[in-house]
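Trainee: Take a look and give me a structure for this.
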Amino acid sequence: MTAQPNQRDRAAIRTSLAWFVQAFVVLMLIWVALNGLSGFRAGLAAAAAGATVGTYFARGQPYPWRPLKWLAFTVFFVIESVRGGVDVAARALRPTLRIDPLFEPHPITIPPGLPTTLLTSFISLLPGTLSVRLRERDHELIVHALTPGSMASVTRLERVLAWIFDAERADG
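Mentor: Residues are numbered from 1 along each chain as shown. Sure thing, here's the model as predicted:
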């Protein structure tokens, strides 16, 4: 006599499957973006292995897919990267280096978990800013910026991530 999975077991299986599919799709997209279709079978194996490990460590419910919002985010990120890169290059090429480096606390207004993780990761990819320390207890991020004006890109990034995750921000 075989025991039927109860409702909680089925929900856990659906959650794990959702995490696996999301991780697999993202990893395959990264593979194709970096390698094209070259080594597609190796990419499938790597994405499956990565998705399996990611699913094992995933906690909570996965966020719903928002492909059009992520496409808009990609455009936003490219624009911010170019804007910041031009600014950093212009500062570096001037005879007097116009920087005023600072460590700035940034109160995080998006939810903990994946939104906050992406915020801290993407800040470090934007020119002129770097995530230094996440104070989880205070839900605050310490950011190193080349100038006080660089913090505006952090605020814009957080606003876009709040939009992607349909997250309510404390400052509206």
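Trainee: Give me the mean pLDDT for the lengthiest helix in the chain.
Mentor: Assignment by DSSP state H gives helix 7-35 as the longest helix of the chain. Average pLDDT, helix 7-35: 86.
Trainee: Identify all contacting residues around whatever helix or strand comes next after that helix.
Mentor: Counting by DSSP states H and E, the next helix or strand C-terminal to helix 7-35 is helix 40-57. Outside of helix 40-57, the residues that reach it under the criterion Cβ atoms under 8 Å, 6 or more residues apart in numbering are S16, W19, F20, V21, A23, F24, L27, M28, W31, V32, N35. C-beta coordinates here come from the backbone N, C-alpha and C atoms, glycine included.
Trainee: so which of these comes closest to D138?
Mentor: Among these, W19 lies closest to D138 (Cβ to Cβ), at 28.5 Å.
Trainee: correct me, but that closest one touches P62?
Mentor: Yes: counting by Cβ atoms under 8 Å, P62 is a contact partner of W19 at 5.1 Å.
Trainee: More neighbours: these two, which one.
Mentor: The neighbour count for W19 versus P62, taken as other Cβ atoms under 10 Å, is higher for W19 (21 against 17).
Trainee: Please determine how far that one is located from Y56.
Mentor: 9 Å (Cβ to Cβ, to the nearest Å).
Trainee: go on, F20?
Mentor: Applying Cβ to Cβ, the value for F20 to Y56 is 10 Å.
Trainee: more neighbours, the two?
Mentor: Applying other Cβ under 10 Å to F20 and Y56 shows that F20 carries more neighbours, namely 18 against 10.
Trainee: Do you know the pLDDT at the spatially closest residue to that one that is not a sequence neighbour?
Mentor: Spatial nearest neighbour of F20, chain neighbours left out: T55 (4.5 Å); criterion: Cβ to Cβ, 6 or more residues apart in numbering. In the predicted model, T55 carries a pLDDT score of 88.
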